[in-house]
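Colleague: Could you look at this predicted model? Sequence included:
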Amino acid sequence: MMENSLVDWMLLGTISVVAALFSVRFLTPRPATGDWSKSDRPDNANDPVFLFEDALIVDSSPAAKPILSRCSDPAQWDDVRNALSQSFPGIPEDPNTLSETGPLVLSGIAQDCRREALCEWVDGAARIHLRQCVVLSDPKDNSELQNLRVAMDAAPYPIWRENNEGQITWHNQAYETLQHNLQPDGFNAAEPLFPHLSQKVMSGNKSRVSLVAPANEQKLWFDVSTIRTKGDRLNYAVDVNAVVDAEVAQRNFVQTLAKTFAQLSIGLAIFDRNMQLALFNPALIDLTNLQADFLSSRPTLFNFFDRLRDQRGMPEPKDYSSWRQQISDLVASAADGRYQETWSLPSGSVYSVSGRPHPDGAVAFLFEDITAEITLTRRFRSELEMGQAILDTMDQSIAVFSADGNLAFSNTPYHDLWGVDPEKSFAQVTILDACKIWQEKCRPTMVWGRLNDFVHARELRQEWADQVQMRDGPTLTCKVTPIQNGATLVGFVPVRTRTEPDVDQPQPAQSR
């Protein structure tokens, strides 16, 4: 009996010694790998430590109990990994991969930014040690590292790092804030916030991607740039919502302009800085008879006018050898805003063509059909010339003054009577100028003052007449008649004496 008790006590002691050695070997914090100084590491005796065999936890330090309380019993590798992924993203899914990759140090984020997770393979077991961030042996390097951490967390744009499996191994505060806003009901920090990055982004170029905010279904746009490093990828996302909104506003504005231009009867052709057709409206097709497919192919300015000449949509140049130079002069004039011409086409149509400069070296040409206006103007001018010819055939001297007192019409007998020709005068002849001429060639009379007041009057305008005596000529009857639009007709007729035959009365026949 005594022998059995002694054996039991010896066996219990052996087990205690082995357990103590096991705890010292696996649960005591190990020195960091790399260029770290053990004396610089802070006190880590109370750090959480987890030990796994075949993904099943076999031991842990006392400081790990709060974390294990959130896991199943017994805890699995996935349980601990999920509990730590919020603060230490990038823990491998399979603990056995640590035997191939070697020790893995993961920086903490958010409230655990001053800690790091050391994942390593030790004698056939996986070990996770949550320790305080190591301190560099050189104080200068340690200060620089701290500045870099502060700079990354203070950056206004999301920055994150992914491994080759697409898992997030580190991100800054802006990334976490964006993730909280987009996934308010919970998220996995190891899962990427931008899961559908194109191959173009993965190759190191920049690409524009969007995320949808669940609160209002609004799209958030980012320009994502990726830099490949050894074993992972570093990503930068720049908020470009303002740029996208500006592009949408510009596109809507251009569409509005296009709809507005489509309603214009004036043909519009805008050439960009490279002298290629950038914008045109349907009226240009109707006026120039150019095909829509030709205009849609964005021809150059020279090709545009060459085709216009071939379609007889512009006047024939007199010298084909200097055609290119004429077009160059036309573009130069349009760029200065000095090009303004009237084209009389072989078809009989008349176009008003003007060139205007636009920003950034663009040039716009406006084509307006003024055939109806020109025809009306020509008809009006013809009627004026016919009316003038009729006035010139009359014996009575006639002068018409407009409502503002300017001489509007006069006939040839008037010019001969008073020795003036208003058409040869550069200045506008007024009623006051005419009264001075009449006063110089006639004896003093009150008629001229009355006539001057009558022309400027707006009310109580009745026809009247009076006689004036020329200094070296006959007596004239001055007849003043108001006509439409406030104008006044002034006529001068010589007074016949009783001895003069009346050409209007038939003469009596002479007796034989």
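Modeller: Perfect, thanks for sending it.
Colleague: just checking, L476 touches P494?
Modeller: Yes. Between L476 and P494 there is a contact at 5.9 Å, judged by C-beta atoms under 8 Å. Just so you know, the C-beta spots here come from the backbone N, C-alpha and C atoms, and that holds for glycine as well.
Colleague: between those two, who's got more neighbours?
Modeller: L476 (21 against 16; other C-beta atoms under 10 Å).
Colleague: Per-residue pLDDT of that one, please?
Modeller: What the model reports for L476 is a pLDDT of 93.
Colleague: OK, contacts around it?
Modeller: 442, 467-470, 492-495 (C-beta atoms under 8 Å, 6 or more residues apart in numbering).
Colleague: quick one, what contacts the residue nearest to F304 when sequence neighbours are not counted?
Modeller: Spatial nearest neighbour of F304, excluding adjacent residues (C-beta to C-beta, 6 or more residues apart in numbering): L277 at 6.1 Å. The neighbourhood of L277, defined by C-beta under 8 Å, 6+ apart, consists of 269-271, 295, 298-301, 304.
Colleague: Partner strands of the host helix or strand of L277, with direction?
Modeller: Secondary structure assignment for L277, by DSSP states H and E: strand 277-280. The strands beside strand 277-280 in its sheet (DSSP bridges) come out as strand 267-271 (antiparallel).
Colleague: Which residues in the strand it pairs with does the neighbour count mark as buried?
Modeller: 267-271 (16 or more other C-beta atoms under 10 Å).
Colleague: ok, the residues you listed vs P482, which is closest?
Modeller: G267 (46.8 Å; C-beta to C-beta).
Colleague: Got the confidence number for the closest one?
Modeller: 90.
Colleague: What are the buried residues along the strand holding L277?
Modeller: 277, 279-280.
Colleague: between those, which is closest to A246?
Modeller: Of the buried residues of strand 277-280, the one sitting nearest to A246 (C-beta to C-beta) turns out to be L279, at 19.6 Å.
Colleague: That closest one is in contact with Q255, isn't it?
Modeller: No. Look at L279 against Q255 with C-beta under 8 Å: they stay out of range, at 11.4 Å.
Colleague: what do these two both touch?
Modeller: Contacts common to L279 and Q255, judged by C-beta under 8 Å, 6+ apart, are absent.
Colleague: burial count for the nearest residue to G348 once chain neighbours are set aside?
Modeller: Once flanking residues are discounted, G348 sits nearest to T371: 7.3 Å by C-beta to C-beta, 6+ apart. Using other C-beta under 10 Å as the criterion, T371 is surrounded by 15 other residues.
Colleague: Pull the contacting residues for T371.
Modeller: Contacts of T371 by C-beta under 8 Å, 6+ apart are 348-350.
Colleague: How about G267?
Modeller: 280-281, 283-288, 366-368.
Colleague: And L432, by the same measure?
Modeller: L432 neighbours (C-beta under 8 Å, 6+ apart): 405, 452.
Colleague: List the buried residues of the strand or helix carrying it.
Modeller: L432 belongs to helix 431-441 when assigned by DSSP H and E. Across helix 431-441, burial judged by 16+ other C-beta under 10 Å covers 431, 433-435, 438.
Colleague: before we move on, what about stretch 385-402?
Modeller: 391, 397-402.
Colleague: Check stretch 298-309 too.
Modeller: So for stretch 298-309, counting by 16+ other C-beta under 10 Å, buried means 298-299, 301, 304-305, 307-309.
Colleague: Output the residues you listed as JSON lines; include the columns distance to L193 and pLDDT.
Modeller: Compiled in JSON lines, those are given as follows (distance: C-beta to C-beta, whole Å; pLDDT from 0 to 100):
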{"residue": "R298", "distance to L193": "41", "pLDDT": "91"}
{"residue": "P299", "distance to L193": "47", "pLDDT": "92"}
{"residue": "L301", "distance to L193": "49", "pLDDT": "86"}
{"residue": "F304", "distance to L193": "50", "pLDDT": "90"}
{"residue": "F305", "distance to L193": "55", "pLDDT": "86"}
{"residue": "R307", "distance to L193": "54", "pLDDT": "89"}
{"residue": "L308", "distance to L193": "56", "pLDDT": "87"}
{"residue": "R309", "distance to L193": "60", "pLDDT": "84"}
